[in-house]
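Peer 1: show me the folded form of this:
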Amino acid sequence: MLSAFCLMAPATAHAQNPSATGPSDQKTTATKLAPLAQIHYETRVRSFKEQNRLLQNVVLLGDSITEGFDIEKYLPGRRILNRGIGSDVIGNDLPSNDKRGVIKRLDSSVFNCAPTDVFILIGINDLGQGHTPETVESGYREMLSRIRKHRPELNLYIQSVLPCRDRFAKHNANILDVNRRLQKLATEFDAKYIDLHSSLTDGDGMLKQEYTNDGLHLTEPGYHVWKVILAEELGWQ
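Peer 2: You can find the predicted model right below:
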């Protein structure tokens, strides 16, 4: 019996000692589990991305030109929040009783919107009420500084102020000046400058007739041009 026990002992000890399993055995076990584990991992990552997408929005920030951008009509099914308000301005250098201004509503229009991308189009009403391009630039600088301070990771897009025509054509020289300043600000604040102006301008430097009914606001063909540019920037082909 003693000799039989001595013969069995090594086999029993090998079975009970995990360290006795050789590296090749462990590798084989890991290899067998890898495909299932990888599938589970990839499935979970996809689900995370889908969940995250529900918490992300593209924000259009501006005045009446932005407010008129019908999301359901031009980009249906996309997660876009329209934060345009008619007659709005940047918000700097205003009388104390003037409560307008993008700067004053950044919480409700940007920070609390779970945004990933923000497209800014503002400034024509500032020029219309007599603000100089220098004042417009100063207001943009304040606005962009606040956005970058609170949400430095945002994808920011500074869109050119659009051209005008007819009774609003008197602003076109200042619009060109403002747009040159916006290009520089885009570089300074790590934003992308989007030149809508050149896509909507006729040979005389005015907003194309077919893109407006009043010389300032866009018609459906004008919004279509803008929609195509937005979709291209966001990779929505």
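Peer 1: give me the number of neighbouring residues for residue 233.
Peer 2: Neighbour count of residue 233, defined by other Cβ atoms under 10 Å: 16. Bear in mind the C-beta positions are built from the backbone N, C-alpha and C, glycine included.
Peer 1: buried sites along the strand or helix carrying it?
Peer 2: In this assignment (DSSP states H and E), residue 233 forms part of helix 220-234. For helix 220-234, a neighbour-count test (16 or more other Cβ atoms under 10 Å) marks 222, 223, 226, 227, 229, 230, 233, 234 as buried.
Peer 1: ok, now stretch 142-149?
Peer 2: Residues of stretch 142-149 classed as buried by neighbour count (16+ other Cβ under 10 Å): 143, 144, 147, 148.
Peer 1: which of the residues you listed fall in strands?
Peer 2: Using DSSP state E, no member of the buried residues of stretch 142-149 falls within strands.
Peer 1: just flag the most distant two among those.
Peer 2: Farthest pair in the buried residues of stretch 142-149 (Cβ to Cβ) is 143 and 148. Separation: 9.7 Å.
Peer 1: still on that earlier bit, for the helix holding residue 233, give me every contacting residue.
Peer 2: Outside helix 220-234, the residues within contact range by Cβ atoms under 8 Å, 6 or more residues apart in numbering are 58, 68-70, 74-75, 117, 119, 157, 192, 194, 196, 199-200, 207-208, 210-212, 218, 236-237.
Peer 1: averaged pLDDT, it. What do you get?
Peer 2: The average of the pLDDT scores along helix 220-234 is 97.
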